[in-house]
Every structure is written in structure tokens, then in C-alpha cells.
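Quick check, what structure comes out for this input:
(chains A and B)
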Amino acid sequence: MTTTHPTTTGPTTPPTDSLAAERRRQKAEDADQHNRRADGTLRPWYSTLIARIVMIALSALFLLPMYWMIASSLKSNEELAKFPPTLLPQSWEFGNYVKALTAMPFLQFFSNSAIITISVVILSVVANFIVAYGFSCIEWPGRDKVFYVVIATLFLPFPVTLIPMFDMWARLGLVNTLFPLILPSMFGSAFYVFLLRQFLLQIPKDMLNAARVDGASEWKILWKLVFPTARPALTTVAIFAAVGAWNDFMGPLIYLQDQKVQTLSIGLQTFRSVNAQDVSFNQLMAASFLVILPLLVLFFIFQRYFIRGITIGGFK
Amino acid sequence: MSATDVDGARAAGTGAPARSTTTLPRASGEKRGMSLTNRRNLKLGLLFISPWIIGVAIFIVYPVTYSIGLSFTRYSGMAAPTWVGLQNYITAFSDPLVAKATGNTLFYAIIAVPLGLLVALTLAIAMNQNVREVAWYRTIFYAPSLIPAFAMSFIFIVFLNPQFGVFNQVIGLFGGANVNLLGDPTGVKIAIILMAQFGAGNAALIFLAGLRNVPKTVYEAARVDGAGPIRQFFSITFPLLTPVLLFNLITGVSGALQVFTEAFVITNGSGDPDGGALFYMMYLYKNAFGFAELGYASALAVLLFLTGLALALLIFWLSRRFVNYDVDAA
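Predicted coordinates for the structure are as follows:
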């Protein structure tokens, strides 16, 4: 945490001031990226040449899976089996996407995934925000020691809870419903609490205390004062929760056997294993790309939150 | 009041034991003569974290205890569990498939964890370069981490196809013969290890956070003293990155012990060829949900839990020698 400390700012400081230092740092970094040294002199053009070559090569490698997925999804079956493989589809078979959508209950899978993801995102943001507030904005004896327990649960291997949880949901009659995949996010998760707490600790204590003196309840401070400030961090949590829920495989594999409730991840795998003999990979690639597409859109819209979410709190 | 708060925050964030001992007397002193505000804050604090407390009780304390209990029983999920004592553990230690699954998982962990750290660190350094288009590189390096494991597995199945996969074309360019990587017990593990490297983006972001925490002034001072980029990396960057390295190492090891989805999708749940992709979690899953041996699977889960715990403690213990928490000292 290299940002300015709350004590150095006065009680009248606006809430966003703890982020001003962060913004200043960003600005300095931007200047740095325009090929200037700290003293403002220009670097020679070749100083970044080797780095750029390496990074472009790495980029090509990391774009390869996505590229191959899209290219394969647009090829015909015959072209897919051709050796050597073609880099670009010779005839663009957009029909593969139509076939993929109709060969399996894609929209059903999609809506199940969407219901789970949206519910998980809302519950995660609210629950983790409330819990993180309790771990950062209220000072109570023993708080930091209890927080060690949160950190410890971060490293708990989840398989040890797998069978009892299945047993519990089965007893409740909720296997083959979406609840086992949604309800746990009502209770917060160690990683998100950790992430949010790092951020909330930067909010000046004096500001919170001033509101308390004015008679505001903690609940009101949480939503009226802290929430607007914490929005970037909450967005990060929302994004991570969305990606996690959307991509989850093992949860749906265990809890959703009935096709009506299956999500995209497990639905696609079932589709492939049922049609193992004559599965057409162009349709599978098309369906997979449609699964990833919403995440890619989300990523491009909220890109800075993905990257800055982890870096902002000074992760240690 | 504020200053002690930051101490607490740092101690929690870094897990530095030295700091917590300094705050200990203060906390116990407060407890003896707890003021009215303190008592009120304690109630409020507990109220706000109550969702987490309930969550820990339902999703951690209860299942962990229940797992340990079940591991001493025979249980199919239908009839009541019957007590079998240590039988499940005795079976586990003589089960050749447990040995095979453990071997496969160790093979995976020993290669995938160090390789993953190396790839993530390389990506983080690339993401931290002072070039104008760095945002693009960050996007490109992170994007594959968004591809879910099952979809990545589909891509690799197409990629590595012995007849028409690109992989074989590249090998052919160098005069090699066609190989069916996914048809070979070792090859399939190598394929899964390589596949996992495309998901290094998350660990890379954590390394990136660590890189950005290193004050620029330290590098400037080093430059003035005549240290080159390589010397700067090993004398400044790497030592100051050790806390995040520790975090990534522990999450990496924990993830490696639980490798499942890629192997499940690639082998359609079988773990073949010749049990080469039968990882520990696959075998656990098969016992629990394929053979309805919930008691035996619980014993396997408890053994995995203990192994993970032992490794985490071992890494923490070893980390005292190499982890440097003095990032802020400069």
C-alpha cells in the first residue's frame, strides 16, 4: 500500500481523495510509457525493440487457442479433416453456428448459466461487501485475528467439503436444481472479502467517524458513503464472480444431471460425450465460442477492472 | 488509532507473525476493560461479518467434520452409514489405483507448478514493460484465462488430433513422425500441463501487482550504482516479489493437487489411456459419484486435505528462509 495514508488527509477530505494518489501514480506511469526516463529525457528507440519482439511472439502464442477455435468453428467438416490444415477457412461456414444452436438445447443451457451467473454476482457483491465492511470500517477488538481465519480458509482444499455438501443438498431435495450453485455465494468468500478489505482500508477513518458523529447508522454509512467509493473494487468482485460462475464445471457436473437444468459447461461436455463417435468439432468449436463470447464482451467493457482489481489494493 | 489500524492491516496482508505479537498485549488489555464503544463496535462488527460466520459453519466446519466422520464408514448415500473403522484408509494405501492417481498428480504438480510460476512471472514482466501498447499485451496475455477449462480442452483435442491437428503439422515440418499425444499415458499429462499454461493470466496479475509495488526509486538508485537489468532483477525485483511468489506457489500447489476438469473432459471421464490421466480428484470423483462409495471417497478426500495442509505448512516453513517482507522499507 503505497498510497497516501488516511491520517495525512484532513477530516474535510472528500471520499475519493484516497484514490487521488493512485490516479497520480497512473499519470506518472503514462508519462513513463511514452518512452521517457524519469528525468524526462527520451529513451533511444531500440531500447524497447527486443522487449517488443518478445512480447509480440508471446502474444501470437497466447492468441493461438482463441484463433484456432474461431477458425475451426467456421470450417466445413471436410476442410477440418484436411492435411495440412488451412490457416483461414476456405469457405466460411456460418451455418455451423446455426447447427450448434439447434443440435443441443443451447438456449436452455444458456439461460441456466445466465440465471446462476446473475444470481451469484448479485449475492457475491452484496454479501462480500457487507462482510468486508465489518472487517475494515468498524474497529472491534479481535478483528484482525478473526481475519487470519478468513485467510486460512483461502487455502482450504474444497474436495474435503464436496461429499458432505452433496449429501446435504440431496437431503434437502435440491439436487437437480440451481440452488446448490447459487445459495453458497450468500455467505461471502475468503478471496473476495480479502480483495474488498484491502480496498476499504484505504477509506479515511475520519470520514466514517464524522458520519457517525452526525448520527448515521453503520448500515447507512455502508450504502450511502462507502458504496459509491468502493464501486471499482465491487466491480472487480462482480467480474471475478461472473467468470467463476459462468465457467464452473465441477459444481454443475455433480449437481445438475437433468438436462433441463444443465449449464453450458456441462451441457457441452455431455453433448460431446453422447455423440463421441460422430461429434463434429466445428460445431463444438462454434458452441464453445458462443460460450466464451459473453465473457469476452464483459472483458473488453470492464478491462481495466480485471487488471486493476488485483493490483489496486497492493496485493501482498 | 489509525496508525495501529494500518499495522493490523499489514500484518494480516503479509501474514507476518512478528507484527501480530506486538499488537497482542493491546488487544487483551482492551478486553479486560472494554469500553462502551468497544462493546458496541464488537456487536456491530460481528453483525456485519455474520454472513461469513454462518458460511464458515455450513460450508467449512460442518462438511470437514462430516467428511472425517464419513471416512470411517461405508456409505452409499442411500442407507445409513455403517462403521468400518480404519478400513477405508487401509484400502486406500493398498489400492493400486490410488497409487497410480497419486503418481499422476505428483507428476503433474512437479512440472506444472514451477512451469506455471515461470510462465506467470514472464507474463507479468511483459505486462509491466514501458511500451505504449502495453494495455494490448495485458489483454492478450490475460484473455486465454477467460476460456473455461472444458472449452480449452476441446480446442486442444482438435489441436492435437493425430490426423489433422496443427501440432502434428508443426512436428512434420521438423521431420518428426505423427504422434498421438492424447493416446499416450505420459503424453496426455504433458498435454494437460501445457494447456494449463494458457491460464497463467490470473497468477500473472498477482505477480504484476507485486512488480508495481516495487518503488521506482529503488531501480533508479540501482541504475545510478551501475546495476544492469539482469542484476536489477535478481537483486531487487525477485527478492521483493517473494511474498507474491509464496501466494502463487501455495495456490499453485493446491490447484495442482485438485487438477480435474481438463483431464475429465479430454478423457471423457475415463482417465485413459492406460490410467495416464487418472488424477487423484478424478479417482475421488469416480468413487463418490460413479461407484457410490461415499465413505471411501471421504477417506480419499481427508488424505488429500492432510496432504494439502502438510504441503502448505512445509512451504510456509521453508518460506521463512526466502520470503522478504520489506517492500515498504524502501
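
Please enumerate the helices of the stretch 201-330 of chain B.
B:201-213, B:216-224, B:229-232, B:238-257, B:261-266, B:280-285, B:294-322 (DSSP state H, counting those that start in this stretch).

Same list (the ones you listed) but as a markdown table, adding distance to B:Leu181 and mean pLDDT.
Heads up, the C-betas are built off the backbone N, CA and C, glycines and all. What follows is the helices of the stretch 201-330 of chain B, written out as a markdown table (distance: least, CB to CB, whole Å; pLDDT from 0 to 100):
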| stretch | distance to B:Leu181 | mean pLDDT |
| --- | --- | --- |
| helix B:201-213 | 24 | 85 |
| helix B:216-224 | 43 | 82 |
| helix B:229-232 | 35 | 82 |
| helix B:238-257 | 20 | 87 |
| helix B:261-266 | 10 | 90 |
| helix B:280-285 | 18 | 93 |
| helix B:294-322 | 27 | 88 |
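
possible to save those as a markdown table with distance to chain A?
Output for those, formatted as a markdown table (distance: least, CB to the nearest CB, whole Å):
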| stretch | distance to chain A |
| --- | --- |
| helix B:201-213 | 4 |
| helix B:216-224 | 6 |
| helix B:229-232 | 10 |
| helix B:238-257 | 5 |
| helix B:261-266 | 5 |
| helix B:280-285 | 6 |
| helix B:294-322 | 4 |
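
For A:Ile115, find the nearest of these.
Evaluated with CB to CB, these place helix B:261-266 nearest to A:Ile115, the distance being 21.6 Å.

gap between the closest one and the chain center?
18 Å (CA atoms, centre = their mean, to the nearest Å).

Now do B:Lys189 against B:Pro144, distance only.
The gap separating B:Lys189 from B:Pro144 is 20 Å, by CB to CB, to the nearest Å.

domain parsing for chain A?
A:25-73, A:95-312 (automatic domain parsing).

Now mean neighbour count and distance to A:Asn209 too, for the helices of the stretch 201-330 of chain B, in a markdown table please.
Shown next, in a markdown table, are those (neighbours: other CB atoms under 10 Å in any protein chain shown; distance: least, CB to CB, whole Å):
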| stretch | mean neighbour count | distance to A:Asn209 |
| --- | --- | --- |
| helix B:201-213 | 23 | 29 |
| helix B:216-224 | 13 | 34 |
| helix B:229-232 | 12 | 43 |
| helix B:238-257 | 21 | 32 |
| helix B:261-266 | 25 | 48 |
| helix B:280-285 | 24 | 49 |
| helix B:294-322 | 18 | 37 |
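
can I get the ones you listed in a markdown table with distance to A:Ser273?
Shown next, in a markdown table, are those (distance: least, CB to CB, whole Å):
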| stretch | distance to A:Ser273 |
| --- | --- |
| helix B:201-213 | 28 |
| helix B:216-224 | 53 |
| helix B:229-232 | 50 |
| helix B:238-257 | 25 |
| helix B:261-266 | 9 |
| helix B:280-285 | 15 |
| helix B:294-322 | 22 |
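
ranges for the strands of chain B?
Counting by DSSP state E, one finds strands in chain B at the ranges B:73-74, B:82-83.

Select, out of the ones you listed, the one closest to A:Ala230.
Of the strands of chain B, nearest to A:Ala230 by CB to CB is strand B:73-74, at 46.2 Å.

and for the closest one, what are the contacting residues?
Defining contact as CB atoms under 8 Å, 6 or more residues apart in numbering or on different chains, one finds that strand B:73-74 is touched by B:Pro81, B:Thr82, B:Trp83, B:Val84, B:Gln87, B:Asn88, B:Glu293, B:Gly295, B:Tyr296, B:Ser298.

one more time with 6 Å
Residues outside strand B:73-74 that contact it (CB atoms under 6 Å, 6 or more residues apart in numbering or on different chains) are B:Pro81, B:Thr82, B:Trp83, B:Val84, B:Gly295.

between those residues, which is closest to chain A?
Of all the contacts of strand B:73-74, the one with the least separation from chain A (CB to the nearest CB) is B:Gly295, at 9.0 Å.

show me what contacts the closest one?
Contacts of B:Gly295 by CB under 6 Å, 6+ apart are B:Leu70, B:Thr73, B:Arg74, B:Tyr75, B:Asn88.

so how many other residues sit close to the third one?
Here the number of neighbours of B:Arg74 (other CB atoms under 10 Å in any protein chain shown) works out to 16.

and the gap between it and chain A?
Going from B:Arg74 to chain A by CB to the nearest CB, to the nearest Å gives 13 Å.

ok, what's across the strand from that residue?
Beta-bridge pairing for B:Arg74 (DSSP bridges): B:Thr82.

picking up where we left off before, Throw the domains of chain A into CSV and include mean pLDDT, mean neighbour count and distance to chain B, thanks.
Output for those, formatted as CSV (pLDDT from 0 to 100; neighbours: other CB atoms under 10 Å in any protein chain shown; distance: least, CB to the nearest CB, whole Å):
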stretch, mean pLDDT, mean neighbour count, distance to chain B
domain A:25-73, 74, 14, 5
domain A:95-312, 87, 19, 3
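
now these as CSV including distance to B:Val265?
As requested, those are exported to CSV (distance: least, CB to CB, whole Å):
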stretch, distance to B:Val265
domain A:25-73, 14
domain A:95-312, 6
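
residues in contact with stretch B:187-203?
A:65, B:107-108, B:111-112, B:116, B:119-120, B:123, B:141-142, B:144-145, B:152, B:156, B:181-182, B:248, B:262-263, B:276-277.

one more time with 8 Å, if that's ok
By CB under 8 Å, 6+ apart, stretch B:187-203 touches A:62, A:65, B:104, B:107-108, B:111-112, B:115-117, B:119-120, B:123, B:141-145, B:147, B:149, B:152-153, B:156, B:160, B:179-182, B:248, B:251-252, B:259, B:262-263, B:266-267, B:273, B:276-277.

Could you give me the ChimeraX selection string for whichever of those are buried?
The ChimeraX command for the buried members of those (criterion: 16 or more other CB atoms under 10 Å in any protein chain shown) is given here:
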select /A:62,65 /B:104,107,108,111,112,115,116,117,119,120,123,141,142,143,144,145,147,149,152,153,156,160,181,182,248,251,252,259,262,263,266,267,273,276,277
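
Select from the contacts of stretch B:187-203 every entry located in helices.
A:62, A:65, B:104, B:107-108, B:111-112, B:115-117, B:119-120, B:123, B:141-142, B:149, B:152-153, B:156, B:248, B:251-252, B:262-263, B:266 (DSSP state H).
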